[in-house]
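Asks: Sequence and computational prediction follow.
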Amino acid sequence: MTLMGTLQAVILVLVAAGALAVARARDRVRQVLLLSGYGMLLAVLFFTFQAPDVTLSELAVGSVALPLILLLAIFKVDKARDADKARDADQARRGRR
Amino acid sequence: MVAWILAVGLHGIVTSRDLIHQIICLVVVQSSTYVLLLGVGYVTGGVAPYFYDISQRAKAVDPVVQALTLTDIVVEAAVTALLLSFAVQAHKRFGTLDPHELVEFRG
Amino acid sequence: MSQRQRLILFSVAMAGLAACFGWAASGLPGFGNYPGPYGPVILHDAVAQTRATGVVSAVNFDYRGFDTLGEEFILFTAAAGLSVVLRRLRGEREREPDREPETDNSNKPGTSAAVKVPALLFTGPTVLIGWWLASHAQANPSGGFQGGVTLASALALVYLAGEFIAFRRLSPVMLTDAVEAAGAGGFAVIGLIALAMGLPYLDNFVPLGTIPGSVSSGGTIPLISFFVGLEVAAAFTLIIGEFLEQTLLIRRGLWITSRSSWSPGSSPSACMGS
Amino acid sequence: MPSLPVVVPLIAAALLLAARPLATYRRTLDLVAVGTSGAVALILGFLIFRTDHSGSYWFAGFHPAHGIAVGIEFTIGPLNAGLACLGATGMTAVMVFSWRYFTQVGTYFHVLMLTFLAGMTGFCLAGDVFDMFVWFELMGVSAYALTAYRPEERGPVQGALNFAITNSVGAYLTLTGIALIYGRTGALNMAQIGAWVDRHPPSGLVTISFLLIITGLLVKSAIVPFHFWLADAHAVAPTPVCVLFSGVMVELGLYGIARMYWSVFGPGLGHRAAVGHVFLALGVLTAVVGALYCFRERHVKRLLAFSTISHAGVFLAGFALLSPLGLAGAALYVAGHAFVKGALFLGAGIVLHRLRSVNETWLHGRGRKLPVTGVLFTAAALGLADLPPFGTFLGKGWIDDAAEAPAVTLILLACTIVSAGSVLRVAGGVFYGLGDPPREDERMAAEANEETGETDTARQRTPLSMLAPLALLTVAGLAVGITAMDPHASDALLAAAAQFQGQPAVKPADVTVSSVVTGVASAGGAVAVGLAGLYWRRLPVLRSLYEPGARGLGLADRFQSGVINDYVTWAIAGLACLGGVLAAIIR
């Protein structure tokens, strides 16, 4: 096996493991971070596939833009929950008074 | 390999109790198509299809699959962003992201 | 279905599907033995036909330019759909009577200088890189798409460095929409110009130039790449901006209703660490 | 010229978005949208008749080099141009309808509708598998966004999510199939892949590629067990949009399957009757399931959605007969169905606009003040029941003739009777107050209140811009049937179907006595079922057998659970089964 072939095989295994890690993570933020890392792994894989164009895109989208959007959505959702809780607590406090 | 990524992603979608988690798994499902596309177009020993500083006769990998993958990545970004906005709305309307509790309709 | 039933059904089905996959894969030529003929024909003809040395760009913006047109409009549509879904939410929130009106921005926690300075420093180079990527499609591994995303991240850096207000000032909704429309529409119109000249849609009607790979070569390829860059940058700015706004509105609301529960560690700027 | 049907709506969409500051000039937007879709319909209509010889159009002028396609091809035949034209015509009617339907609307509705139109036409005309996928995705993304057009309610959000996730999974499997077949043939052009497949013996690669490529299309065309999302999405999408979803988008999925089979994979599957039988069985199953769910539904839009599923099964059965007559029948049926189903949805839209509810029980008798709508709705419902001379009866008759199997004919007849009967039950109950007045319980009143509608206030009068499209679509449903009875037209349709299948034209199709009899029987049966549904409390036999919303509910709900996880699981299971069956046949 050539050097390139070995490299590709190693990265393929890493990508497979990465996919599993992303899909199995249960905490949202951790999952997004894993997704970002998975995107980078894919980018490296594409680079060894002689696809620099796709590498750039995958880096830009898969490991930066998408995780950013995802995190923003997650913060939005978590904050909304916190805000609801805070409001509920507030109302409960007022109710007691 | 591709089947593995696909299976892992689909398993995530099927078992997940969280919409955002499902959407991320959908991204994983789609990433299997990139690997497959680039994999089928690969030529052992081929170079990247750019002839700026190398001879045009050099053995190169297939440029078409790379173009297709680029298109695919844009589609992924677009669909994911749209799905996330649905998820944010769902959270606002239902107060949860658990697909089992988003049941305006049954039957 | 219960989770258990679902899992069993899925496992059985997925095993079957995997078997199908294996069956199909046995018909593929081995890895690294791409049989053609599509790729080789393009590799053979591309430089002569388009004067672009980046063959992937030639495929994207010329041979299969019509696909890319569709792809741009998928992004365009997703951004429009996202605006529909999220802006409704925003309008509603603004009308909510129990909220205090938007007040001074001093309420908002600022970004720390440790993030601010590097972010500002990075903004300029990022814009440059984005611009370079978008304008060198015909020669190098680059193109409007990568350039566009990079430009959009430059705007996100602006946000990081300063505040959302600056981000919005740089990317007001109307302007982003207009730029996006100009990018996507411009691409479609380039094709139409060819049609008006009696050529097939999206035909490369601009003189191709003589030196393969130079900035002025490739005919419509750099032109289309530019419009794609415009559209992608605007679409991503819009998408990120909409989500940012959502997060900020919540943040402000939270800030007003209960100051004590605010935790600075989870501000959106933390996400840029990834 | 052939590029215009796709490009014109795209440019119009970009212009409208750029002109968002002018959004106050509402009529201008409406005019642009109506004008664009009307123009697209005209161009397509022109294309149908112009290109009966060779309809190849190469983008960017890249004609095949060394005998190999390097660019993207549009293949324009009478059938696919006709289907696209149907979509554009429906779009025009819908844009006129929504003229006064939404009280408050930005440009986004128009923008999304126009990109949706471009996606539909691009998908129809594409002669390249990847290009087909791109336009399919554009159509999908526009459709998801349109479904969630009223995100301030819960239903649309859930419907859009179920729709988008299920369809995205299907679309990515389609792409996997495209990658697989490209990896072996090195071609994306349909004709070229088809030629390759023709030269080689059937193999696992070809079979599984075919299966994966049609997965996304099976999901889109709501074939059991890929259908669950459809009712959720159709029930909540804005009513004008439902017209296109039910009348055209589902059929486009089926067209894609037929296209893939006839232009690309048929030889690779050996053109075996057994493959046809598999799809025939799927079609019949879908028809039955759709009809049963349709019957027990009380939400009018959902009821219509289930009737669409039932009809999609009938169309698939027509394609699966693998004969020009079956395909011509299915094509005619699709056209007739699109018009009457569109009319029914518009009728439901008017009811929602005026009465602010689509709950059949609550609406009972309340539709009496909408006499014109009532008449048109009833007429369209009869059209759905294959009453001659609506286009549906002849299409169904041809499918029956092609099937040459009494069992299939009988089952499909029963399905039509049940689903159309349910629609007639709605018509009779809502517009004429037939049947026993329902008991108004609290739950129902609450449900009725939840229907806030898509419009702000109930109007005193139905605007002409809403009634006219309804009337036009109903009349068009009639016109299709009357035109198709002309021997020239039916011969042309049959020739087009034979051309689509690459087969020699066969004996001309006629209006047979049996098709007229079947059509009349079907309509009669539907009326009977509708009346039985209205008066079931007075019929002790029925009463013991059928209590709507009571019996069999648990089981039915368990399938149509509204949970995305279940939908995806069922789709994978269906895919695996289909793969197994195909493998058994090909080997």
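Replies: Sure thing, it's come through.
Asks: quick one: the biggest helix by length in chain B to chain centroid distance?
Replies: Criterion DSSP state H: the longest helix present in chain B is helix B:63-94. In terms of Cα atoms, centre = their mean, to the nearest Å, the centre of helix B:63-94 is found 8 Å from the chain centre.
Asks: and that helix, average pLDDT?
Replies: Helix B:63-94 shows a mean pLDDT of 90.
Asks: Likewise for stretch D:121-133?
Replies: Taken as a whole, stretch D:121-133 has an average pLDDT of 92.
Asks: quick one: buried residues of stretch D:430-437?
Replies: Counting neighbours by 16 or more other Cβ atoms under 10 Å in any protein chain shown, one finds that the buried residues in stretch D:430-437 are D:430, D:431, D:434, D:435. (Each C-beta comes from the backbone N, C-alpha and C, glycine too.)
Asks: Average pLDDT for it, rounded please.
Replies: pLDDT averaged over stretch D:430-437 gives 82.
Asks: what does it contact?
Replies: With contacts defined as Cβ atoms under 8 Å, 6 or more residues apart in numbering or on different chains, stretch D:430-437 is touched by D:300, D:351, D:360, D:363-368, D:370-371, D:373-375, D:377-378, D:425, D:428-429, D:531, D:533-535, D:537-538.
Asks: biggest helix in chain C by residues?
Replies: Longest helix of chain C, by residue count under DSSP H: helix C:220-257.
Asks: name the helices or strands packed onto it?
Replies: In terms of contacts (3 or more Cβ pairs under 8 Å, 6 or more residues apart in numbering or on different chains; DSSP states H and E), helix C:220-257 is packed against helix A:66-96, helix B:63-94, helix C:55-58, helix C:65-95, helix C:113-135, helix C:144-161, helix C:164-170, helix C:173-196.
Asks: List the residues that contact residue D:585.
Replies: Counting by Cβ under 8 Å, 6+ apart, residue D:585 has contacts D:269, D:272, D:274, D:275, D:278.
Asks: Where does the third one sit: helix, strand or coil?
Replies: Put plainly, it is residue D:274. For residue D:274, the assignment made with DSSP: H, G, I helix; E, B strand; the rest coil gives helix.
Asks: Excluding chain neighbours, what is closest to it?
Replies: Excluding the flanking residues, the one nearest residue D:274 by Cβ to Cβ, 6 or more residues apart in numbering or on different chains is residue D:585, at 4.7 Å.
Asks: Quick check: pLDDT value at the residue nearest in space to the middle of chain B.
Replies: Centroid check for chain B by Cα atoms, centre = their mean gives residue B:30 as the closest residue, at 2.4 Å. On the pLDDT scale, residue B:30 is placed at 92.
Asks: That one sits in which helix or strand?
Replies: helix B:19-40 (DSSP states H and E).
Asks: try residue B:12
Replies: Judged by DSSP H and E, residue B:12 forms part of helix B:2-15.
Asks: Tell me the spacing between residue C:73 and residue C:180.
Replies: Distance, residue C:73 to residue C:180, by Cβ to Cβ, to the nearest Å: 11 Å.
Asks: Please identify which of those two sits among more neighbours.
Replies: residue C:73 (33 against 27; other Cβ atoms under 10 Å in any protein chain shown).
Asks: Before I go, just wanted to say thanks for your time.
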